[in-house]
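everything below, folded, please.
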Amino acid sequence: MAAASSLTVVWVYGTLKRSFFNHAATNLASAVTLGTARTVERYPLLTLSPFRIPFLLDAPDIGQHVDGELYAVGPELLAELDALEGHPHWYVRREIAVDMVDSGERKLSQAYLLPRTLFRPELLELPEEEYQRAYTLDDHRREYVPPSERPPGARDTIIEVVKSCSPE
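A predicted model of the protein is given here:
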C-alpha cells in the first residue's frame, strides 16, 4: 500500500463497488475501504445501454443523493481506475463531496462522471423517479453485461445510446 500522503480518496457508485464485476477485475480489493458514502449534491444516476451500464451524469442538483463506497487508493491503482473508466476521454474524474453514511462526516473525494458533452440534455429532463439512488447488486447480477460478453463495436453502441434521449 502507498504511503498515506500519496493516497487519493475515490468514491465509486457502480460496477467498481465491492462484489461487483469491476471491483474483482481491478485491484480495488487491495485498497483501504473507508466505508459507505452518499453524495452531498444530487446527481442523475441511470443504467443505460443494452449492456446495462450505470452512468453518473455530471449534472449536480438533478436526480438523487447517490449511495456508493469510498476507498483510499495509491497512484498505481488510481492509474488503473483511470484507464478502466477512460479518464479523461470518456468519464471525467473530478472532486465531489460525500457524507459518510455511518458518521455523517463530510469528505472530499474523486468520482468518475460522464461529462455533459457525452450525453443528450434530454436525459436531465426525466421524471425524478427515473433516477436511481443506488446501483444495487441485484441490478448488477440481473442486468449487467461484462465487457468480455459484449459484441465487437459495443463501445459505439454505448456512445450512441447515451447521446440519444432514450434511457434504454
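
okay, the least confident helix or strand in the chain by mean pLDDT in CSV with CA atoms only?
For the chain, using mean pLDDT, DSSP states H and E, the weakest element among its helices and strands is helix 154-163, scoring a mean of 82. The C-alpha trace of helix 154-163 is given here as CSV (Å, rounded to 0.1, in the frame of the first residue of the first chain):
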residue,chain,number,x,y,z
ALA,A,154,-20.2,-2.3,-28.3
ARG,A,155,-18.5,0.9,-27.3
ASP,A,156,-20.0,2.6,-30.3
THR,A,157,-23.5,1.3,-29.3
ILE,A,158,-23.0,2.6,-25.8
ILE,A,159,-22.0,6.0,-27.0
GLU,A,160,-24.9,6.1,-29.4
VAL,A,161,-27.3,5.3,-26.6
VAL,A,162,-26.0,7.9,-24.1
LYS,A,163,-26.1,10.5,-26.8
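
mind listing what's buried in it?
Neighbour counts over helix 154-163 (16 or more other CB atoms under 10 Å) mark 154, 158, 161-162 as buried. Glycine gets a C-beta too; all of them are placed from N, C-alpha and C.

do the same with stretch 69-87
Residues of stretch 69-87 classed as buried by neighbour count (16+ other CB under 10 Å): 69-74, 77-78, 80-81, 84-85, 87.

rewinding a little: ok, and what's touching the least confident helix or strand of the chain?
48-51, 53, 55, 114, 118-120, 123, 147, 168 (CB atoms under 8 Å, 6 or more residues apart in numbering).
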